[in-house]
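Participant: Got a sequence here, can you model it:
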Amino acid sequence: MRLMKRRLAIGLMGVIIGSAMLLSGCRLAQSAANTQAEAAAPVAVQVPKTLGLRIVKRYGDWAQTNSLSRIRFSPDRSRFLATGRDSSVIDIYRTKGTERIATVHLERRQSLEIKTDFISNDQFYTNLDNARFQVYRVPDGTKIFQHQFEDNPRPIFANRQVALNEETLLYWQSGQTYTIPWAGPTTGFLGVTQDNAVLTEDMNAWVREENPATGRKVDWKTTGKSRVRHFMSTPDHRYLVTVNFDGACAVWRRGDKPALAGRCAEGIGEEDAVEGNVFSALPDQYQFATTVVNRVRAYRIDPATGAPHQFFDQDMTARVWSVALNANGRLAVSLFDEGTQRVSLEVWDIAGRRPIARYVSDWDDLVRQTDDPNPDFRSSVIFRELGFSADGKLLLAIAGQSLLAFDVP
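Facilitator: Numbers count the residues shown, from 1 in each chain. Modelled structure (predicted):
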């Protein structure tokens, strides 16, 4: 009897083990089948949405007084201005709804080396072609200040306190003037920082920072082999970004002895970089983007050390002609493929490393939509002067002689 019970228990255990093994095998087979099915299933690719082109205003041809080549936002991006070099008309828009709220008619054309820009949320300045400096109030477009520098066609750089033309630095609120000594025949002015320092560049790739009010005057050699093309000063006045024509990029600690805080990129050679080196800066966010040919990189500066940390690096499908950063993590690029004659505008999600929206057009179609009907005055029709609204939901651009708006999804 005991022997029979033992045999029965052993048999029952065998049945249980066999059933478990069979069930396990079935589960493994089902799992393998599921894995194969998942592998065979098509991967969902997120296709960029199409940007809808909206023409805000068609401007005149280059021979008229209302040509278009420049868009600039107020610091809070609630307003923007649209105008052109050699133009005597400046339009002021409210960003929300792209509503035109004022038009300023100047007594003369602006300089061909136009620097017209906002200097605060409620003021902008312009430089006429005879070095006349003017400040206007926003939103009504009333002129509140004027100063005549010695007559010349050179640009005027300005901020809320100073205006620089050639060798004269004017504190326009007080009337105090300083002379910035000429640095030599191979030099040129880069501009003025928000703490009123004058920046000079030279063909030998050095930079001079000079502030006659404080007595600081320092020179240093940048990391490139060609002259400096772009700069950005951080709002704490501690760091300065320089980008050379050859694509070299670096961040410097400002002071009596400027020091290299970090390199962003090495130069690739002046001849190629000169055509495709564009720049976008968000000083308040310590961020900037720079390009060389078809490559786009974006950086964030560490406020404690000045070190640039790269957070975007992408080779685009064609040469980049304009770039714009947004504080909400978006980046826009204008591309032109000379081989296919395709003009495109792409908006990228930086965190996702993918384009989320784009607009693509043949060059001829874009010319017909946006440029002057007279072929004698047609410009190089590509998307340029890109700029985001504060929330990143509106993208502005110029193509031909038209001011364009794109609603970004």
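Participant: what secondary structure does Leu366 sit in?
Facilitator: helix (DSSP: H, G, I helix; E, B strand; the rest coil).
Participant: quick one: it and Pro185, what's the gap?
Facilitator: Separation of Leu366 from Pro185 (Cβ to Cβ, to the nearest Å): 41 Å. The way it works is simple: take the backbone N, C-alpha and C, and place the C-beta from them, glycine included.
Participant: of the two, who's got more company?
Facilitator: Taking other Cβ atoms under 10 Å, Leu366 and Pro185 do not tie; Leu366 has more neighbours (24 against 7).
Participant: which stretches of the protein aren't confidently modelled?
Facilitator: Within the chain, the stretches with pLDDT under 70 are 1-45, 61-64, 269-276, 372-380.
Participant: my guess is Gln161 contacts Leu170, does it?
Facilitator: No. In this structure, Gln161 is not within contact of Leu170 by Cβ atoms under 8 Å, at 9.5 Å.
Participant: Compare the two and say which is more crowded by neighbours.
Facilitator: Higher neighbour count among Gln161 and Leu170: Leu170, with 20 against 16, using other Cβ under 10 Å.
Participant: Could I get the contacting residues of that one?
Facilitator: Phe133, His147, Phe149, Val162, Ala163, Leu164, Gln176, Thr177 (Cβ atoms under 8 Å, 6 or more residues apart in numbering).
Participant: okay, those residues in JSON lines with neighbour count, secondary structure and distance to Thr317 next?
Facilitator: As requested, the contacts of Leu170 are exported to JSON lines (neighbours: other Cβ atoms under 10 Å; DSSP: H, G, I helix; E, B strand; the rest coil; distance: Cβ to Cβ, whole Å):
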{"residue": "Phe133", "neighbour count": "20", "secondary structure": "strand", "distance to Thr317": "43"}
{"residue": "His147", "neighbour count": "17", "secondary structure": "strand", "distance to Thr317": "47"}
{"residue": "Phe149", "neighbour count": "20", "secondary structure": "coil", "distance to Thr317": "45"}
{"residue": "Val162", "neighbour count": "26", "secondary structure": "strand", "distance to Thr317": "43"}
{"residue": "Ala163", "neighbour count": "25", "secondary structure": "strand", "distance to Thr317": "42"}
{"residue": "Leu164", "neighbour count": "25", "secondary structure": "strand", "distance to Thr317": "40"}
{"residue": "Gln176", "neighbour count": "12", "secondary structure": "strand", "distance to Thr317": "52"}
{"residue": "Thr177", "neighbour count": "15", "secondary structure": "strand", "distance to Thr317": "50"}
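Participant: In a helix, Gln369, correct?
Facilitator: Yes. Counting by three-state DSSP, Gln369 is part of a helix.
Participant: Just give me the neighbour total for it.
Facilitator: For Gln369, using other Cβ under 10 Å, the count is 16.
Participant: Let me see the contact set for the spatially closest residue to Ile301 that is not a sequence neighbour.
Facilitator: Leaving out its chain neighbours, the residue that sits closest to Ile301 by Cβ to Cβ, 6 or more residues apart in numbering is Tyr286, at 4.2 Å. Listed by Cβ under 8 Å, 6+ apart, the contact partners of Tyr286 are Thr234, Arg300, Ile301, Asp302, Pro303.
Participant: Please tabulate these in CSV, including the columns neighbour count.
Facilitator: Below are the contacts of Tyr286 laid out as CSV (neighbours: other Cβ atoms under 10 Å):
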residue, neighbour count
Thr234, 22
Arg300, 16
Ile301, 24
Asp302, 14
Pro303, 13
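Participant: In this model Pro308 seems to touch Arg300, though I could be wrong.
Facilitator: Yes. With contacts counted by Cβ under 8 Å, Arg300 reaches Pro308, the gap being 7.3 Å.
Participant: Pretty sure Arg254 sits against Asp236.
Facilitator: No. Applying Cβ under 8 Å, one finds Arg254 not in contact with Asp236, separated by 9.9 Å.
Participant: Looking at those two now, which is surrounded by more residues?
Facilitator: Arg254 (22 against 11).
Participant: I'd like to know how far the more buried one sits from Phe288.
Facilitator: 16 Å.
Participant: Identify the residue nearest Asn66 in space, chain neighbours excluded?
Facilitator: Once flanking residues are discounted, Asn66 sits nearest to Val89: 4.1 Å by Cβ to Cβ, 6+ apart.
Participant: Just the helices from this structure, written as ranges.
Facilitator: With DSSP state H as the criterion, the chain has helices at 2-40, 270-276, 363-370.
Participant: In terms of secondary structure, what does the last one contact?
Facilitator: When contacts are defined as 3 or more Cβ pairs under 8 Å, 6 or more residues apart in numbering; DSSP states H and E, helix 363-370 packs onto strand 53-58, strand 342-349, strand 394-399, strand 402-407.
Participant: any chance of those in JSON lines, with mean neighbour count and distance to Lys221 too?
Facilitator: Converted to JSON lines, the helices and strands packed on helix 363-370 look like this (neighbours: other Cβ atoms under 10 Å; distance: least, Cβ to Cβ, whole Å):
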{"stretch": "strand 53-58", "mean neighbour count": "15", "distance to Lys221": "44"}
{"stretch": "strand 342-349", "mean neighbour count": "21", "distance to Lys221": "34"}
{"stretch": "strand 394-399", "mean neighbour count": "24", "distance to Lys221": "36"}
{"stretch": "strand 402-407", "mean neighbour count": "20", "distance to Lys221": "41"}
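Participant: contacting residues for Asp219?
Facilitator: Here Asp219 is in contact with Trp206, Val207, Arg208 (Cβ under 8 Å, 6+ apart).
Participant: for those residues, which one is nearest Gly392?
Facilitator: Among the contacts of Asp219, Val207 lies closest to Gly392 (Cβ to Cβ), at 32.4 Å.
Participant: In JSON lines, list the contacts of Leu170 along with distance to Asn121.
Facilitator: Output for the contacts of Leu170, formatted as JSON lines (distance: Cβ to Cβ, whole Å):
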{"residue": "Phe133", "distance to Asn121": "20"}
{"residue": "His147", "distance to Asn121": "22"}
{"residue": "Phe149", "distance to Asn121": "26"}
{"residue": "Val162", "distance to Asn121": "19"}
{"residue": "Ala163", "distance to Asn121": "19"}
{"residue": "Leu164", "distance to Asn121": "22"}
{"residue": "Gln176", "distance to Asn121": "25"}
{"residue": "Thr177", "distance to Asn121": "27"}
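Participant: I appreciate the help and will end here.
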